[in-house]
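Asks: Coordinates only, no sequence provided:
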């Protein structure tokens, strides 16, 4: 089954869920119910709280309804008629959406109505009838609800209506939906494994990150141990960027709104910004991205073509006013650390600079065992109002990226219609983790519109002004989100060079603490992160404790070692111990504990 057919089946399953809820709870009021990855959900207002046992009853009702194979019948009506239709059914949330559409237009409610209404023809809406249940929806759907595949309701969570915590609180019922029972079983097994790898638990167990109610949700506080991890990851990225001539820059965390009005971000994202009004009445914003600031470093002086490319890199925080209900551990936060970079170059240099970034991405993710696939994220020709520039410009720019795919030997890439940034197409890298889940990670974005809006030019060989191109590049993207992905990919057992503690020394008794301290001194002199467990616990318990904390190397220190015998290293995750002679021990530790040295190829 192709992606579109699967999406249609899952969206139909959301309608089936709502039909079952209405049958069991006639007073239910329905919000929105889209298809999502692996399944669907529906936001519903009910006079009672849904429990896990209630989910089983609802699922049972859904299965009974499928036996009737009720047709999903489409009816079209005017916007005014639709308002009256749902008013008569006391479906207040549907009425609110439709009235907002009528009074404020698609810009205001487009996200909420993207599955319900054809935004290109908002004066005419469609309603799908499934037995006694009727829902506002643009479709398409399966012919009858007997074609909704194999489904299971998995959880219920709180959600604010339209993601706004000032609005009604609803209950969001989640389900999964697949074409076969085997696919559902595989998904359930993956979910059980994912629970064991949940980064929210691991970052607490390993003392990497904490959150504070006083600070606020979505604002992670990195502990000393966690800061070691994020610095190690960022240092590795920088070791790769340096090879291609990047230079570090530093920008402030706020800006006048004028900067984002010029870039186009204010119009697109003003509702996602944290805004500040100064005592003099000037409006500022916390930066949600870095690219507009970086344009002003480039614009600060006249540039010759000989000065290009200019490659600016900066790891810095940005801030976005995410809805509280959408926040989740490190995966979705309000303070986001980006390993951001922007290249300002001539048109003739774009390919070379993009390929250099591509090399960095492959080198970085290769160290962690991720399988990468590529998505060419393009514009949606049917919705050009979402982008800067003409459809002809976009078509040409996308064709250039297609030639890159051929040059890189990337044949099975995904073509993502509507996945582009508003200013340009992208090459997005999708990583598959150890349990088969996919995550969008790095990105290369080619931008010809923002330099034009800021008037960025260089002086060419003929002494004339020439427009420059801007290439946006993020390797980890958001360090918080990448850390969540990496921790779950490795179940918290990061490469030794990225772990906050690399070696644990375990003296068998107090008599050997002094010798362990000498080994500790030698390791610390070469910047190995080492600790001695001098507690009164038994050796076995100390070793188990080190394993619980995922320490890469644990070394027991006793009489044999004090007399010069080889060290026996318990390597986390390996069944066999490692024997290392003392005279080469420090060198062997260094081989594993230092940031990888990767030599990147030249790009022609």
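Replies: Great, that's in hand. This one's a predicted model, so the numbers in the text were calculated from it and none came from an experiment.
Asks: all contacts plus neighbour counts: C-alpha atoms, from now on.
Replies: Will do.
Asks: and the helix or strand harbouring residue 171, which strands flank it?
Replies: For residue 171, the element it lies in under DSSP states H and E is strand 169-178. When pairing is defined by DSSP bridges, strand 169-178 lines up against strand 39-45 (antiparallel), strand 150-160 (antiparallel).
Asks: Leaving out sequence neighbours, find the closest residue to the spatially most central residue of the chain.
Replies: Centroid check for the chain by CA atoms, centre = their mean gives residue 481 as the closest residue, at 5.4 Å. Excluding its sequence neighbours, the residue lying closest to residue 481 (CA to CA, 6 or more residues apart in numbering) is residue 331, at 4.5 Å.
Asks: pLDDT wise, what is that neighbour at?
Replies: Looking at residue 331, its pLDDT is 95.
Asks: looking at the strands paired with strand 169-178, which is buried most?
Replies: strand 39-45 (a mean of 24; mean count of other CA atoms under 10 Å).
Asks: so for that strand, what's the average pLDDT?
Replies: 96.
Asks: before we move on, what about stretch 581-600?
Replies: pLDDT averaged over stretch 581-600 gives 96.
Asks: gap between it and the chain center?
Replies: Taking CA atoms, centre = their mean, to the nearest Å, one finds the center of stretch 581-600 at 32 Å from the center of the full chain.
Asks: for that stretch, how far is the first residue from the last?
Replies: Terminal residues of stretch 581-600 lie 34 Å apart, using CA to CA, to the nearest Å.
Asks: just stretch 584-600 next, same as before
Replies: 29 Å.
Asks: outside of it, which residues touch it?
Replies: The contact list for stretch 584-600, computed with CA atoms under 8 Å, 6 or more residues apart in numbering, reads 232, 235-236, 239-240, 243, 359-360, 363, 496-498, 502, 522-523, 526, 528, 567, 580.
Asks: Restricted to helices, list these.
Replies: Among the contacts of stretch 584-600, the ones falling in helices (DSSP state H) are 232, 235-236, 239-240, 359-360, 363, 522-523.
Asks: how about the residues you listed, which pair is most distant?
Replies: For the ones in helices among the contacts of stretch 584-600, the maximum inter-member distance is 36.3 Å, found between 359 and 522 (CA to CA).
Asks: higher neighbour count, the two?
Replies: residue 359 (17 against 12; other CA atoms under 10 Å).
Asks: which SS state does the nearest residue to the more buried one once chain neighbours are set aside fall under?
Replies: The shortest distance from residue 359 to any non-neighbouring residue, by CA to CA, 6+ apart, is to residue 600 (7.0 Å). Using DSSP: H, G, I helix; E, B strand; the rest coil, the structure places residue 600 in coil.
Asks: neighbour-wise, which of the ones in helices among the contacts of stretch 584-600 leads?
Replies: Going by other CA under 10 Å, residue 360 tops the ones in helices among the contacts of stretch 584-600 with 25 neighbours.
Asks: Distance check, the closest residue in space to that residue that isn't next to it in sequence against residue 67.
Replies: Among residues not flanking residue 360 along the chain, residue 240 sits closest, at 6.1 Å (CA to CA, 6+ apart). In this view, residue 240 and residue 67 are 59 Å apart by CA to CA.
Asks: do the same with residue 238
Replies: 59 Å.
Asks: so how far is the strand holding residue 171 off the chain centroid?
Replies: That offset, for strand 169-178, works out to 21 Å (CA atoms, centre = their mean).
Asks: And for the helix or strand that it is followed by, what's in contact with it?
Replies: Note on strand 169-178: by DSSP H and E, the next helix or strand toward the C-terminus is helix 181-196. Under the criterion CA under 8 Å, 6+ apart, residues 150-151, 176-178, 435-436, 488, 491 lie in contact with helix 181-196.
Asks: make it 7 Å
Replies: 150, 178, 435 (CA atoms under 7 Å, 6 or more residues apart in numbering).
Asks: Over to stretch 143-150?
Replies: Contacts with stretch 143-150, where a contact means CA under 7 Å, 6+ apart, come from 9-10, 12-13, 16, 66-67, 69-72, 177-181.
Asks: so where's the stretch 1-150 of the chain uncertain?
Replies: 104-122 (pLDDT under 70).
Asks: Flag every buried residue along the top helix by length along the chain.
Replies: Determined from DSSP H, the single longest helix within the chain is helix 3-24. Neighbour counts over helix 3-24 (16 or more other CA atoms under 10 Å) mark 6-23 as buried.
Asks: before we move on, what about stretch 523-537?
Replies: For stretch 523-537, by 16+ other CA under 10 Å, it's 523, 528-534.
Asks: Point out where the chain drops to low pLDDT.
Replies: Across the chain, the ranges flagged by pLDDT under 70 are 104-122.
Asks: hmm, back to that, relative to residue 61, which of the ones in helices among the contacts of stretch 584-600 is nearest.
Replies: Nearest to residue 61 among the ones in helices among the contacts of stretch 584-600, counting by CA to CA, is residue 363 at 51.1 Å.
Asks: nearest residue to that closest one other than its sequence neighbours?
Replies: That would be residue 598: by CA to CA, 6+ apart, it lies 7.2 Å from residue 363.
Asks: Great, nothing more from me.
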